[in-house]
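1. Quick one, fold the following:
(chains A, B, C and D)
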There are 4 protein chains.
Amino acid sequence: MTQGSASSPDLVTYEVDFEADPSSLIYTFGGVEAKVSLNTPSVLVTSSQDCFAGAIHSEHDLVSHVCDPRYLNPQTGPFFINGANPGDTLCVHFVSIEPHFTHGFSTTVPFFGALTSTGFTATLQQALPEMTWRYGIDFDERSVRYEAKDSNFKVDLPLDPMHGTVGVAPPLGEVRSSLTPGDWGGNMDTPEMRSGVTCYLGVNVEGALFSFGDGHARQGEGETCGVAVETAMDTTLILDVIDGYPTPWPRLESDEFIMTTGSARPLEDAFRIAHTQMVHWIAELTGLSTMDAYQLVSQVALTPIANVVDTNYTVVAKVPKSALKGAVVMGGAHQRLRTMATHVR
Amino acid sequence: MTQGSASSPDLVTYEVDFEADPSSLIYTFGGVEAKVSLNTPSVLVTSSQDCFAGAIHSEHDLVSHVCDPRYLNPQTGPFFINGANPGDTLCVHFVSIEPHFTHGFSTTVPFFGALTSTGFTATLQQALPEMTWRYGIDFDERSVRYEAKDSNFKVDLPLDPMHGTVGVAPPLGEVRSSLTPGDWGGNMDTPEMRSGVTCYLGVNVEGALFSFGDGHARQGEGETCGVAVETAMDTTLILDVIDGYPTPWPRLESDEFIMTTGSARPLEDAFRIAHTQMVHWIAELTGLSTMDAYQLVSQVALTPIANVVDTNYTVVAKVPKSALKGAVVMGGAHQRLRTMATHVR
Amino acid sequence: MTQGSASSPDLVTYEVDFEADPSSLIYTFGGVEAKVSLNTPSVLVTSSQDCFAGAIHSEHDLVSHVCDPRYLNPQTGPFFINGANPGDTLCVHFVSIEPHFTHGFSTTVPFFGALTSTGFTATLQQALPEMTWRYGIDFDERSVRYEAKDSNFKVDLPLDPMHGTVGVAPPLGEVRSSLTPGDWGGNMDTPEMRSGVTCYLGVNVEGALFSFGDGHARQGEGETCGVAVETAMDTTLILDVIDGYPTPWPRLESDEFIMTTGSARPLEDAFRIAHTQMVHWIAELTGLSTMDAYQLVSQVALTPIANVVDTNYTVVAKVPKSALKGAVVMGGAHQRLRTMATHVR
Amino acid sequence: MTQGSASSPDLVTYEVDFEADPSSLIYTFGGVEAKVSLNTPSVLVTSSQDCFAGAIHSEHDLVSHVCDPRYLNPQTGPFFINGANPGDTLCVHFVSIEPHFTHGFSTTVPFFGALTSTGFTATLQQALPEMTWRYGIDFDERSVRYEAKDSNFKVDLPLDPMHGTVGVAPPLGEVRSSLTPGDWGGNMDTPEMRSGVTCYLGVNVEGALFSFGDGHARQGEGETCGVAVETAMDTTLILDVIDGYPTPWPRLESDEFIMTTGSARPLEDAFRIAHTQMVHWIAELTGLSTMDAYQLVSQVALTPIANVVDTNYTVVAKVPKSALKGAVVMGGAHQRLRTMATHVR
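-> Residues are numbered from 1 along each chain as shown, chains lettered A, B, ... in the order given. Now for the predicted structure:
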């Protein structure tokens, strides 16, 4: 079912230049020439720049002063996946995601975020103040330190590294900004995209043109102010392809859960997409009728919101595998890549 | 700060007649005479009818055949809370919530639910099939059994009893159907409303006029098909009042989390309400500035969706107390009622 | 088909006390005893207070200073319509609507309006400035004069008087604030509710309990800042009943158009309600199939937005009678009441 | 202020091959090489294919059978406008828009339209029936003939030709499907885009890369079923550039009205965009303060909905020039192009 499933994976290293000029990086899904071609399965050892393209160096740097709006959220890639064709599914298994530096930054950005008017939810009000918070990262304690700007309050929060942006070239010849999520993946900003998880993406163009970035040392669900604890990341992932199986919207799988995503506005449409996808997937996995699957999802789904800040909002539907009674998901891809990963680390 | 906090609570028993004619039960918040007056604190030992007013007896009973649309989601109450006045907060601590029978029912209802058009999201399409599922409840295993209608698939799911509907009389002289959630509480349908949790409700009229119902043996987040595992419940709760402290939107507190709710359409407005409430609450609890609290919420909030099916949708924002460094919440009401509860069981 | 259609109408005069204390007026649909009983058809000669309950006397009066939030948008009524029963339709024909005074006021109100965050579309931003504009009304020129506050700009706009709020008691035992629109009518704020128009409202309770108010000397579509040119009104209307014909959502009829309304959030749901209502109504009136009616509506409907500011948003769908080839609407009620009106003036 | 304003316009003829293979046409804004370069002002005499790429020949052709989903809504262009640079505004004046054939088609398309669930507003319901309606066009009577499929009902409706899709290359390096509207224009589907109107578009890339298509013999507001009376068109337009004046969202100007557009979801965001744009534009044109302009817009705006069916919904805000007391709009571009047009016809 999967190319090269018996063979041992290729090992590919792709270095990111953290000193690169932002204008030399890539900011779209689609519309960019592939940097590297990979066979499948391949282990890819690489890194990603933070969403500010590295322009924030201290809590005194404000986004509107130091960042160029054309050069936000640079991606690593795109990677041309040999053998990936429209109608296939790309498997992206995250072996490890670790902050590249010992700190991260979060900010507010004028007219961006869930608790402010924006360019779309447009009002006549003034913007909220623009501020930058610096978080120290403690790798021994696996924590990040929040420090208030206007008082002495400090608290350590669990380090939980993830990638906000993961995707392939979109369908219909579109080229989409790395700031937007959709059925090609993109800027979904779900904290579920952490190490140990496999992400499934439908392939729209030959070679898939996979890229990813936007590392977060951690984020709350909804990414309320629009900016997580943003960090450059060192990431190892395994790429594989499931031939002839299309995936309409990005899916995820962990050891315990299968997950579907929907990205749209209003937020209830993101919910509807994620949950219809889950109903149809469960019906396929278990042989349940659509109505029986609808009923089961209604009683077992968890629904962690991903983002309510990007140009589309993202909702994740999450069903425990224990409710599926041993159904084999995606031909066992996650378990296979999980095992492969143990040989990598 | 709280009336009668030193005294031991009154014990009040209020019996629900499970054979009562549906038309004799209550279906609104506001607009109904109080059944009983209570001092605070009081332990209330009572029950609630299921959302079908008991009309579904087997999987062959369909809602549109056996239920009168005027008599859906009956509530227990209202209770007049002596000393509760506009501007105060009512504390509702759930000591125990246990299914009254050894089974529950879920159904689909024509043009109701998240994955169908409805009377508001109106389309010209046909309704989905109307069906009823019976769930057996195993109290020893603390599980409910899902059984597919169209195949032999069966699976046991954890029993997790909760109340979908909890509220007081609304402001502005309104009387609202028990099918609707809003700032008075009502049909929020959050699985967080389980035993061990304290719910805080702003008082809008003298005596608060508290009522509750809509027991669920369990539900998924979002209550996708619109109907959980619906069960009559035997419930023990403690009622208390915080004088002179208003609560604009319902809040919850567990041993680990503080939670805010928002109920509105579109779903992003429910998110916005819950999270602005959380930002302002945390600022008040910790002395953080509004912007610092916004930042903290952005990195720590969990956001379990409650319902995407009722006349307003409900979102819960959830922040671990560990991120608040020992801040005392609501004058310590939850801890006090939690302790009181240990003497009740 | 219609009660008393052959008889000449009763003439009922109901005087409004413009000096009354705001707390003595009515602010809900439902929940209030009828002031007067009317037979049908009746000509009702009466008045309405402005939405500020008369509290604004000059451009120096600000809503948050001079108005009590519990006493906004007072209604005239309710009127008990003899013979109106659930399942019937109440016909409200506006014979004339004329401002009671020679001026009106508009204002901004903190966190209310389409171009500001609100209590539901909640953000952390500051409110817009609160201001009051005074409009002189010139009855000879049929104009209202806009005068800028911050410059010398002045311009005369056409006088186009209408009622923002028209409705009956809601279903399900609910009592709804006069600030909210829904299937019972209420605060729809459509400029189509002008003299010469008939409004059709489904009856939910015995006697219908009709009331109305919220006169506007004129308003833009959407009522963008949330406040029109608000004026007390002298209004003559004819009330009649269509027996045994239910109207699910408020409809309007002018000499040229039939119109349906939908009130909901998000705004696309208001659109969907209005347009499904129109499709089904046209199918009924013309014998077209649902799909043929859907096609016709798609090519002929006009869709003037009513309000994007109230607790539900309202959209009107409008189809020229010329596209319906002489179909008889509501048994000819509008034409009959229109003729009756010529004898009243 | 405008390039070449004194010179007489170039005359450019660009022929469309109505027999071309759909795969050879263009379907995106951005991402395509310019076909022709134009100086400004230029009169462009050209045509456009219908949204089906000419694949529907009779009422027996269904979209899902005869159209390739990759090849819907072909555009004429793109045209490279010499001298148009980011930060400038492109003026597109429609001199004449006339159907190329004596008929047009409308259809339903599975899971597309305002009164059905869709891929975004996803439900588990069946699709509505797929059908095609043929409209005869009578150029003498200036009418189109609606004929029901399921009965004998026929009615003539006014011919009112317009272009649904008009735009330039988007910002941020994006390439967008011709099915989507946004700040670059695109598939706005407003009936206001008729002859005699000037459309203003902000330029995002050198040469603007203007294209247009999607002719409608007429459409209702909202384009409810998603498909207007679709026709190939012969169109004459004048293109000009305003140097150094940016236009954030597409604007229109007729002899009587200035108009702004917003394209977003939910629909209230499209409303908010259009109306904030209008407030700021009027403040700029009249010297009114923002709050005074907000007040004026609230009392004078008309708000014809454009579409509630595309991947973004579009709302138009429309203010009569009579309310602006002679303010000169866009340096008088519309009047100048209108005069130029009289010499063309």
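
2. any idea which helix is longest in chain A?
-> helix A:267-286 (DSSP state H).

3. Mind checking if whatever helix or strand comes next after it is in reach of chain B?
-> Next helix or strand after helix A:267-286 toward the C-terminus (DSSP states H and E): helix A:290-300. Yes: applying Cβ under 8 Å from any Cβ of the partner chain, one finds helix A:290-300 in contact with chain B at A:291, A:292, A:294, A:295, A:296, A:297, A:298, A:299, A:300. From N, CA and C alone the C-beta is placed, and that goes for glycine too.

4. what is the orientation angle of the longest helix of chain A with helix B:267-286?
-> Computed with axes from the mean of the first three to the mean of the last three Cα atoms, to 10 degrees, the direction of helix A:267-286 lies at 110 degrees from that of helix B:267-286.

5. what inclination does helix A:267-286 have with respect to helix A:290-300?
-> Using the same axes, to 10 degrees: helix A:267-286 against helix A:290-300 is 120 degrees.

6. for helix A:267-286, packing partners?
-> strand A:257-264, helix A:290-300, strand A:313-320, helix B:267-286 (3 or more Cβ pairs under 8 Å, 6 or more residues apart in numbering or on different chains; DSSP states H and E).

7. returning to what we had before: make a markdown table from the residues of helix A:290-300 next to chain B and add neighbour count and pLDDT to it.
-> Formatted as a markdown table, the residues of helix A:290-300 next to chain B follow (neighbours: other Cβ atoms under 10 Å in any protein chain shown; pLDDT from 0 to 100):
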| residue | neighbour count | pLDDT |
| --- | --- | --- |
| A:291 | 21 | 98 |
| A:292 | 23 | 98 |
| A:294 | 28 | 98 |
| A:295 | 28 | 98 |
| A:296 | 28 | 98 |
| A:297 | 27 | 98 |
| A:298 | 28 | 98 |
| A:299 | 26 | 98 |
| A:300 | 24 | 98 |
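
8. so can I have CSV of those showing distance to residue C:30?
-> Shown next, in CSV, are these (distance: Cβ to Cβ, whole Å):
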residue, distance to residue C:30
A:291, 37
A:292, 41
A:294, 36
A:295, 36
A:296, 40
A:297, 38
A:298, 33
A:299, 36
A:300, 40
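
9. Going by distance to chain D, which of those residues wins?
-> Nearest to chain D among these is residue A:294, at 6.1 Å by Cβ to the nearest Cβ.

10. thinking the closest one is in contact with residue B:224, fair?
-> Yes: the pair residue A:294 and residue B:224 qualifies as a contact (Cβ atoms under 8 Å) at a distance of 7.0 Å.

11. can you list residues touching both of those two?
-> Residues touching both residue A:294 and residue B:224 by Cβ atoms under 8 Å, 6 or more residues apart in numbering or on different chains: residue B:115.

12. excluding its backbone neighbours, what's nearest the residue of the stretch 1-150 of chain A found nearest chain B?
-> In the stretch 1-150 of chain A, the residue that lies nearest chain B is residue A:150 (3.8 Å; Cβ to the nearest Cβ). Using Cβ to Cβ, 6 or more residues apart in numbering or on different chains and skipping residues adjacent in sequence, the residue nearest residue A:150 is residue B:289, 3.8 Å away.

13. Pull the contacting residues for residue A:119.
-> Applying Cβ under 8 Å, 6+ apart, the residues near residue A:119 are A:111, D:273.

14. gap between it and residue A:243?
-> Plainly put, residue A:119 is 41 Å away from residue A:243 if you go by Cβ to Cβ, to the nearest Å.

15. Pull the contacting residues for residue A:29.
-> Contacts of residue A:29 by Cβ under 8 Å, 6+ apart are A:75, A:78, A:167-170, A:175-176, A:178, A:184-186, A:209, A:211.

16. Buried subset of the residues you listed as a PyMOL selection?
-> Filtering the contacts of residue A:29 down to the buried ones (16 or more other Cβ atoms under 10 Å in any protein chain shown) takes a single PyMOL command:
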select buried, chain A and resi 75+78+167+168+169+170+175+176+178+184+185+186+209+211
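
17. and which of the contacts of residue A:29 is nearest chain D?
-> Among these, and counting by Cβ to the nearest Cβ, the member closest to chain D is residue A:175, at 3.8 Å.
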